[in-house]
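A.B. asks: I'd like to go over a predicted model; first the sequence, then the structure.
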Amino acid sequence: MLNNNLVDIEFMEEIEYLLTGKSGRTVIFLNGFRMPFDSWDKVYPSVGEQHTTLLYNRRGIGKSKKAASPQSGEVIVTELRALLKV
């Protein structure tokens, strides 16, 4: 099992993510239905053989800190962009 990381980015606090692989394009796994990113455990390892993979838990999911306000699509995209810059 790989270690998950927590990072504070700009306006976000404690976003949980997992970065694997070392080459190729980055494949981002987005989880839904309030499921944590470990729902991708059977998928991302094989993708990571040829690509870098990024899995992250949006606010309030897994170990990521809960958001103070509702999350719109725009906020989710802004957070993902900030995470990709780390």
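C.D. replies: Sure, I can see it.
A.B. asks: got the residue ranges for the strands in the protein?
C.D. replies: If DSSP state E is used as the criterion, the strands of the chain fall at 5-9, 12-20, 26-29, 52-57.
A.B. asks: where exactly do the helices run in this protein?
C.D. replies: 44-47, 73-84 (DSSP state H).
A.B. asks: Can you say which of the ones you listed is nearest to residue 59?
C.D. replies: Ranking the helices of the chain by proximity to residue 59 (C-beta to C-beta) places helix 73-84 first, at 7.4 Å. To be clear about C-beta, it is placed using only N, CA and C from the backbone, and glycine gets the same treatment.
A.B. asks: Just the buried residues of the closest one, please?
C.D. replies: For helix 73-84, the neighbour count (16 or more other C-beta atoms under 10 Å) marks 75, 79, 83 as buried.
A.B. asks: got those as CSV, with distance to residue 34 columns?
C.D. replies: CSV is the format used below for the buried residues of helix 73-84 (distance: C-beta to C-beta, whole Å):
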residue, distance to residue 34
75, 16
79, 16
83, 19
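A.B. asks: Okay then, goodbye and thanks.
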